[in-house]
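# just coords:
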Ligand SMILES: Cc1cc2nc3c(=O)[nH]c(=O)nc-3n(C[C@H](O)[C@H](O)[C@H](O)COP(=O)(O)OP(=O)(O)OC[C@H]3O[C@@H](n4cnc5c(N)ncnc54)[C@H](O)[C@@H]3O)c2cc1C
């Protein structure tokens, strides 16, 4: 058997580790367009902001990882074609790599803004190690920067530029930061926090042009105002890298469609991670949940199924964790419900820097935001993921009590949802 | 992994005295002495949490899960599972305090140590010859360090 993985990030590592738990011998090839060995792209923001522990780097696994896992890495090689009849992956230099089972773990690329001037020097996406290195170079000669987008990544990128003493403005189309994943109350708190720390935040602003000749000199906005900038970072979201699926039987609807074995419609071909459309268990819809835990787990499930060990993926959910200027923040599930049938409870204690919000749909917990204090967040995310009836402990949850012992009665009564041995160990 | 060992509890024997919490904090202090540990700054953290709800006392710590969600979520590569011993460990030199693991642990057993910007959980007192300090300290023998078979034999009345 020839196992081939295209991609070398969260989903790929999940698949490699699963495959090698069972089969240490078969040929396993990892192809990646990026030349680096597996690293955490989710930490490029930490690196830029100087938040890595001293001596730590971005390596996801030890330097002997490929050797230990008996993997043949083909790094710095881009796959440009996929022939499903002859079962080969074609690389940019023409080499054809045969496969019996193939995993597409190609992730995503920064969404283009569509704003004129996007190709100018100094306009960056914030996705790869390459981007990080380029931005490190750019901060040396830049006085001002604009970050477009007020999501977690935009806010982290701004912190990073600020750390390098670049005067930074965050420009957000909506009326508060984190607008996709938190209410105005919470977003406004972070806006004030950023401003207090010397980072300007401008809301309700759409860019219309990146000005300058070859190099960017500023951003012009819809309202006629401009902000000078020698660096622009765009944080407009991620587009899945689906090109290889074109011309095959693999169905694409924004991302690659898979079944609960992470298998595509093309025999022997699987997909996982930011490129794959999965069932969101909490929102009850098919979507791309482009988050690290989902990517790793999907890769793991795909890996097992590729080697013939049946595993089902039980679905994804939205999960975001971050920390800004010492204030931790977690947002998960549905936190801005639209339509009827939801019950929300929220509380802001501004002086203490604390905020929390819970969203219920009938007897189910479907969303939570925790700011300032994030302890026990996993207990909540699991109640969401498992879709268990929480009616008997709802008051506790609303009061902010979510230690595991409160969940224990649910584990006993709804035992079919808590089948894992780890739960059985805790009940008598 | 049938033989992997971890700390198991019997809530029926637990009186809620919290000796385990103190022993855990001391073992994870700089000085490893109760008195000096009390004055350390930042204070040492315990990773064993005795939770008392509706009369039940439940000592909760890391379950070293077969399918560890914390590891799957760890974007810094700091969390690993030893496939021989079953132990799930956090490499603090790599942990960046991103709280991904905190967000997914079903037991709330990984907590954010805001003072040190590190995720914290039971490490089974690796390196201590006498085994997990919580087990040693429990006056009612409500905790054991063993494998699943030993635990099951022990909890049968
Ligand atoms: C700055 C930043 C911060 C983030 N923070 C968080 C966070 O806090 N929490 C969280 O859950 N998620 C976070 N994310 C998202 C997280 O990083 C992604 O969900 C995760 O990386 C997805 O992994 P993946 O394996 O699906 O794909 P990717 O990480 O996108 O990797 C894709 C791989 O495929 C390769 N590839 C693509 N096309 C080809 C081709 N044609 N030929 C060869 N190789 C190819 C690439 O080189 C790469 O190795 C963050 C992302 C960024 C950029």
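Thanks, I have it. Here the structure is a predicted model, which means the values were calculated and not measured.

# drop to CA atoms for contacts and neighbour counts, all remaining ones
OK.

# Tell me which residues touch residue 52, please.
In the absence of a named chain, chain A is used. A:46, B:94, B:96 (C-alpha atoms under 8 Å, 6 or more residues apart in numbering or on different chains).

# Chain B, not that one
Residue B:52 neighbours (C-alpha under 8 Å, 6+ apart): A:405, B:16, B:58.

# next one: residue B:7
Contacts for residue B:7 (C-alpha under 8 Å, 6+ apart) come out as B:61, B:63, B:124, B:132, B:135, B:143-146.

# make it 6 Å
Neighbouring residues of residue B:7 by C-alpha atoms under 6 Å, 6 or more residues apart in numbering or on different chains: B:144-145.

# on that earlier part again, go through the contacts of residue B:52 and say which is closest to residue B:108.
The nearest member of these to residue B:108, counting by C-alpha to C-alpha, is residue A:405 at 9.9 Å.

# And what about that closest one, helix, strand or coil?
helix (DSSP: H, G, I helix; E, B strand; the rest coil).

# Relative to residue B:70, how far out is it?
Using C-alpha to C-alpha, to the nearest Å, one gets 19 Å for the distance from residue A:405 to residue B:70.

# Who has more neighbours out of those two?
Neighbour count, other C-alpha atoms under 10 Å in any protein chain shown: between residue A:405 and residue B:70, residue B:70 has more, with 26 against 23.

# Assign the nearest residue to that one once chain neighbours are set aside to helix, strand or coil.
Counting by C-alpha to C-alpha, 6 or more residues apart in numbering or on different chains, residue B:70 lies nearest to residue B:101, which is 4.3 Å off, once chain neighbours are set aside. In terms of secondary structure, residue B:101 is helix; the call rests on three-state DSSP.

# what's the burial count for residue B:101?
By the criterion of other C-alpha under 10 Å, residue B:101 has 29 neighbours.

# Run through the helices of the chain in chain order.
I'll assume chain A. A:10-22, A:44-48, A:65-68, A:129-139, A:152-163, A:184-196, A:292-306, A:377-386, A:394-398, A:404-413, A:421-424 (DSSP state H).

# My question was about chain B, not that one.
With helices called from DSSP H, chain B shows them at B:19-27, B:34-38, B:69-73, B:100-104, B:133-137, B:148-155.

# Against which helices or strands is the longest one packed?
With contacts defined as 3 or more C-alpha pairs under 6 Å, 6 or more residues apart in numbering or on different chains; DSSP states H and E, the packing partners of helix B:19-27 are helix B:133-137.

# Run through who's touching the helix it packs on.
Under C-alpha under 6 Å, 6+ apart, the answer for helix B:133-137 is B:20, B:23-24, B:143-144.

# and what of stretch A:86-102?
Against stretch A:86-102 from outside (C-alpha under 6 Å, 6+ apart): A:2-5, A:78-82, A:268-269.

# what residues go with each domain of chain B?
B:1-61+B:122-147, B:64-118 (automatic domain parsing).

# what's the least confident stretch among these?
Mean pLDDT is lowest for domain B:1-61+B:122-147 among the domains of chain B, at a mean of 94.

# Distance check, residue A:20 against chain B.
11 Å (C-alpha to the nearest C-alpha, to the nearest Å).

# And the pLDDT for that residue?
Value for residue A:20, per-residue pLDDT: 98.

# Now do the same contact list for the closest residue to chain B within the stretch 151-300 of chain A.
Using C-alpha to the nearest C-alpha, the single residue of the stretch 151-300 of chain A nearest to chain B is residue A:293, 4.1 Å away. Contact analysis of residue A:293 by C-alpha under 6 Å, 6+ apart lists B:72-73.

# That one and residue A:408: what is the separation?
25 Å.

# residue contacts, residue A:9?
residue A:38 are the contacts of residue A:9 under C-alpha under 6 Å, 6+ apart.

# So residue A:367 is in contact with residue A:359, correct?
Yes: contact status for residue A:367 versus residue A:359: in contact at 4.7 Å, counting by C-alpha atoms under 6 Å.

# higher neighbour count, those two?
residue A:367 (26 against 22).

# so that one bridges to which residues?
On the basis of DSSP bridges, residue A:367 is bridged to residue A:333, residue A:359.

# Quick check: the gap between it and residue A:345.
Using C-alpha to C-alpha, residue A:367 is found at 10 Å from residue A:345.

# okay, and the common contacts of these two?
In contact with both residue A:367 and residue A:345: residue A:358, using C-alpha under 6 Å, 6+ apart.

# among the domains of chain B, which is the most enclosed?
domain B:64-118 (a mean of 21; mean count of other C-alpha atoms under 10 Å in any protein chain shown).

# Now do the contacts for the most centrally placed residue in chain B.
Residue closest to the average C-alpha location in chain B (C-alpha atoms, centre = their mean): residue B:122, at 2.3 Å. Contacts for residue B:122 (C-alpha under 6 Å, 6+ apart) come out as B:47, B:62.

# Point out the residues in the stretch 1-150 of chain A that sit beside chain B.
By the rule C-alpha under 6 Å from any C-alpha of the partner chain, the part of the stretch 1-150 of chain A lying against chain B is A:52, A:56, A:60-61.

# and the contacts of stretch A:86-102, which two are the farthest apart?
Among the contacts of stretch A:86-102, A:78 and A:268 lie farthest apart (C-alpha to C-alpha), at 20.7 Å.

# coming back round to it: looking at the contacts of stretch A:86-102, which are in strands?
A:2-5, A:79-82, A:269 (DSSP state E).

# Those: which ones sit near the ligand?
For the ligand, the contacts drawn from those by C-alpha under 6 Å from any ligand atom are A:79-80.

# Tell me the predicted confidence for residue 157.
If you meant another chain, say so; for now it's chain A. Residue A:157 is given a pLDDT of 98.

# that answer is for a different chain, and I need it for chain B
pLDDT, residue B:157: 68.

# With residue A:236 instead?
Per-residue confidence (pLDDT) for residue A:236: 82.

# so what's the closest residue to residue A:322 other than its chain neighbours bridging to?
Counting by C-alpha to C-alpha, 6+ apart, the nearest residue to residue A:322 once its immediate chain neighbours are dropped is residue A:329, at 5.3 Å. As for beta bridges, residue A:329 partners with residue A:322, residue A:371 under DSSP bridges.

# Report the contact partners of residue A:329.
Per C-alpha under 6 Å, 6+ apart, neighbours of residue A:329: A:321-323, A:370-371.

# Return the distance of the residue nearest to the centre of chain B relative to residue B:134.
In terms of C-alpha to C-alpha, residue B:122 sits 10 Å off from residue B:134.

# what's the answer for residue B:110, then?
For residue B:110, the distance to residue B:134 equals 17 Å [C-alpha to C-alpha].

# and residue 63, how many neighbours?
Assuming you mean chain A. Other residues close to residue A:63 by other C-alpha under 10 Å number 11.

# To clarify, I was referring to chain B.
Neighbour tally, residue B:63, other C-alpha under 10 Å: 23.
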